[in-house]
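K.L.:
Need coordinates for the below:
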Amino acid sequence: MNKLLDAIKFNADGLIPAIAQQHDTGEVLMMAWMNADSVLETLATGQVCYWSRSRQKLWRKGESSGQQQKLVEMRLDCDGDTLLLQVDQKGVACHTGRRNCFFLAARDGAWVEIAKPEVSPEALYGH
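P.N.:
Predicted structure coming up:
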């Protein structure tokens, strides 16, 4: 596994951006950060694990909401500084209850909501 980690160019904070993409449709679901531990855990378990910058701890996607991501394939870009995670997303990927996190589009000088929540955030997290 060290060979895999050696090829990754982590930033000064020890992180690398990771883009999650639905493996069978190509839909871009979300972007999050990973560190060496989360990369290794994801590869070992097949369940996607990120690094939460706000909580300063490993974030196992779906641990509180049940909206897990199963890893299909991990890819490293040509510069070695971004990961593409092809995943099988269970349910919604966004904490707002939307399928993906990219639901705002720049149109006519404003951000326009182009997707409504499929699930309420309260239903996801019990708040």
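K.L.:
Could you list the low-pLDDT ranges of the chain?
P.N.:
Within the chain, the stretches with pLDDT under 70 are 1, 126-127.
K.L.:
So which residues of it form helices?
P.N.:
For the chain, the helices defined by DSSP state H cover 2-6, 36-45, 121-125.
K.L.:
To Leu15, which of the ones you listed lies closest?
P.N.:
Of all the helices of the chain, helix 36-45 sits nearest to Leu15, with 9.1 Å by C-beta to C-beta. C-beta: built from backbone N, CA, C; applies to glycine.
K.L.:
Show me what the closest one is packed against.
P.N.:
helix 2-6, strand 49-52, strand 57-60, strand 69-76 (3 or more C-beta pairs under 8 Å, 6 or more residues apart in numbering; DSSP states H and E).
K.L.:
Quick check: buried residues in that helix?
P.N.:
The neighbour-count check on helix 36-45 (16 or more other C-beta atoms under 10 Å) flags Ala36, Ser38, Val39, Leu40, Glu41, Thr42 as buried.
K.L.:
For the residues you listed, give me JSON lines that also has distance to Arg99.
P.N.:
Output for the buried residues of helix 36-45, formatted as JSON lines (distance: C-beta to C-beta, whole Å):
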{"residue": "Ala36", "distance to Arg99": "30"}
{"residue": "Ser38", "distance to Arg99": "23"}
{"residue": "Val39", "distance to Arg99": "25"}
{"residue": "Leu40", "distance to Arg99": "28"}
{"residue": "Glu41", "distance to Arg99": "25"}
{"residue": "Thr42", "distance to Arg99": "21"}
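K.L.:
tell me which of these is nearest to Arg55?
P.N.:
Checking the buried residues of helix 36-45 one by one against Arg55 (C-beta to C-beta), the nearest turns out to be Ser38, at 12.6 Å.
K.L.:
doesn't Tyr50 make contact with the closest one?
P.N.:
Yes - at 5.5 Å, Ser38 counts as touching Tyr50 under the criterion of C-beta atoms under 8 Å.
K.L.:
Which residues are in contact with each of the two?
P.N.:
Residues touching both Ser38 and Tyr50 (C-beta atoms under 8 Å, 6 or more residues apart in numbering): Leu58, Trp59.
K.L.:
which residue packs closest to Phe103, ignoring adjacent ones?
P.N.:
Ala115 (4.0 Å; C-beta to C-beta, 6 or more residues apart in numbering).
K.L.:
No further questions, thank you.
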